[in-house]
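In: what follows is a predicted structure for the sequence shown.
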Amino acid sequence: MKKLAVVALGGNALLRGDQKGTIDEQELNAYETSERLLVLIKEKQYNLVVTHGNGPQVGNLLLNNSAGNKLFGLPEMPLDICVAYSQGFIGYVIEQQLRNVLLHNDLDRDILTIITQVLVNKDDKAFKNPTKPIGPFYSKEEANKIIEETGAQFAEDPRGRGWRKVVASPKPLVINNKKSIEKIAREGTIVVAVGGGGIPVFYKEENILQGIDAVIDKDLASALLAAQINADKLFILTDVPKVCINYNTPQEKALDRLSIADAKKYLKEGHFAEGSMAPKIRAAIYFVEHSGKDAIITKTTKLGVDDGGTRVVMV
């Protein structure tokens, strides 16, 4: 039986910070990312579940919402619906470009996107303290104008790239359809699931699900999924080749290996920024603690490279 891996694509897998977000740009980025996934499929012999972020895309959908409402009186869709929209179109782009890569390499695999709902607690404390960044970066002046017009909350990017809207990010509790995701992935179908962390839903009353205005962290949701489907490895992709402590200082040090104990220690000491590396470290910790398997945090171009990335391990 082939090994099963969950690969959590970073936001730059489809849309990069210096791009406008045209479909041509996103398709090219998805193709280049899919070429790296080929290393896991062909050389490392993994069956795959692919997850992805949606911060820039869902932010753009919200902007489209607002413009359509102001110009034409169209009803604005809530955030959970925008997450569902983004899952569909991003899944389509990944499916298409990954299939193009597979065909170019004489490989024939089914690829299936599953629009994934994820159960959260409506009383999660995150709803009182929004921290999850979505959408494009703004200047301080632009952010203040949007705050005045809409009442939205913004936070400054820790890497100095500007200001972004922040929303609640509740803890994921249950991944819907996880049994089906595992079954078809182990049968050889490449599954795209838990897009953007999943569509956040809660029980309005007994046996009645309803969406809620939030965005779930896609790395934590990916770790939860990976643990629940008994994945052999979790790959968390980002825009740096390895996890660093003392990042962006003269004392910066890249880590080849990171134990759970050290990861928790460095988190507590503030080495990993919120909205950047900290959620990825927490996701890796969750997967390793709940599965006993390793997690890899690395850059897309280092995927599948033997010495690429930081390996997060139990001890």
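Out: That came in fine, so what should we check first?

In: quick one: mean pLDDT for stretch 176-196?
Out: Regarding stretch 176-196, the rounded mean pLDDT is 97.

In: ok, which stretches of this structure are helices?
Out: Secondary structure of the chain (DSSP state H): helices located at 23-38, 55-72, 79-104, 140-150, 178-186, 218-228, 260-269, 278-291.

In: now do the contacts for the closest residue in space to residue 259 that isn't next to it in sequence.
Out: For residue 259, ignoring the flanking residues on the chain, the nearest one in space by CB to CB, 6 or more residues apart in numbering is residue 315 at 5.4 Å. Using the backbone N, CA and C atoms, a C-beta is placed for each residue, glycine as well. Applying CB atoms under 8 Å, 6 or more residues apart in numbering to residue 315 gives the contacts 259, 260, 261.

In: of all the helices of the chain, which lies closest to residue 47?
Out: Proximity to residue 47, assessed across these by CB to CB, is greatest for helix 178-186 (5.3 Å).

In: so the closest one versus helix 218-228, what angle?
Out: Here helix 178-186 runs at an angle of 80 degrees relative to helix 218-228 (axes from the mean of the first three to the mean of the last three CA atoms, to 10 degrees).

In: for helix 178-186, name the packing helices and strands.
Out: The contact analysis (3 or more CB pairs under 8 Å, 6 or more residues apart in numbering; DSSP states H and E) places helix 178-186 against strand 3-9, strand 46-52, strand 190-192, helix 218-228.

In: the same query, at a cut-off of 10 Å, please.
Out: strand 3-9, strand 46-52, strand 111-113, strand 190-192, helix 218-228 (3 or more CB pairs under 10 Å, 6 or more residues apart in numbering; DSSP states H and E).

In: related to what we said a few turns ago, save the helices of the chain as CSV, and put in distance to residue 199 too.
Out: Compiled in CSV, the helices of the chain are given as follows (distance: least, CB to CB, whole Å):
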stretch, distance to residue 199
helix 23-38, 20
helix 55-72, 11
helix 79-104, 5
helix 140-150, 22
helix 178-186, 14
helix 218-228, 10
helix 260-269, 28
helix 278-291, 19
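
In: how much space between the residue lying closest to residue 195 once chain neighbours are set aside and residue 72?
Out: Once flanking residues are discounted, residue 195 sits nearest to residue 87: 3.7 Å by CB to CB, 6+ apart. Distance of residue 87 to residue 72, given as CB to CB, to the nearest Å: 25 Å.

In: one step back: want to throw the helices and strands packed on helix 178-186 into CSV with mean neighbour count and distance to residue 149?
Out: Putting the helices and strands packed on helix 178-186 into CSV (neighbours: other CB atoms under 10 Å; distance: least, CB to CB, whole Å) gives the following:
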stretch, mean neighbour count, distance to residue 149
strand 3-9, 25, 33
strand 46-52, 27, 30
strand 111-113, 18, 35
strand 190-192, 26, 35
helix 218-228, 26, 28
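
In: which residues touch residue 199?
Out: The contact partners of residue 199, taken as CB atoms under 10 Å, 6 or more residues apart in numbering, are 79-87, 115-118, 120, 176, 211-212, 214-216.

In: that one bridge partners, please.
Out: Listed beta-bridge partners, residue 199: residue 117 (assigned using DSSP bridges).

In: and the pLDDT at it?
Out: Reading off the model, residue 199 has pLDDT 98.

In: next one: the one 10 residues further on
Out: Residue 209 is assigned a predicted lDDT (pLDDT) of 96.

In: just to check, it is in contact with residue 119?
Out: Yes: here residue 209 reaches residue 119: they are 8.0 Å apart, a contact under CB atoms under 10 Å.

In: mutual contacts of these two, please.
Out: In contact with both residue 209 and residue 119: 176, 201, 202, 203, using CB under 10 Å, 6+ apart.

In: now which of these would you call buried?
Out: With neighbours counted by 16 or more other CB atoms under 10 Å, the shared contacts of residue 209 and residue 119 contain buried members at 176, 201, 202.

In: if I look at the last one, how far off is residue 182?
Out: In this view, residue 202 and residue 182 are 24 Å apart by CB to CB.

In: same question for the first one.
Out: With the distance defined as CB to CB, residue 176 ends up 13 Å from residue 182.

In: for residue 302, see how far away residue 295 is.
Out: In terms of CB to CB, residue 295 sits 14 Å off from residue 302.

In: of the two, who's got more company?
Out: residue 295 (31 against 18; other CB atoms under 10 Å).

In: I'd like the shared contacts of residue 209 and residue 119 laid out as CSV, including distance to residue 279.
Out: Listed next are the shared contacts of residue 209 and residue 119 as CSV, based on distance: CB to CB, whole Å:
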residue, distance to residue 279
176, 22
201, 21
202, 21
203, 26
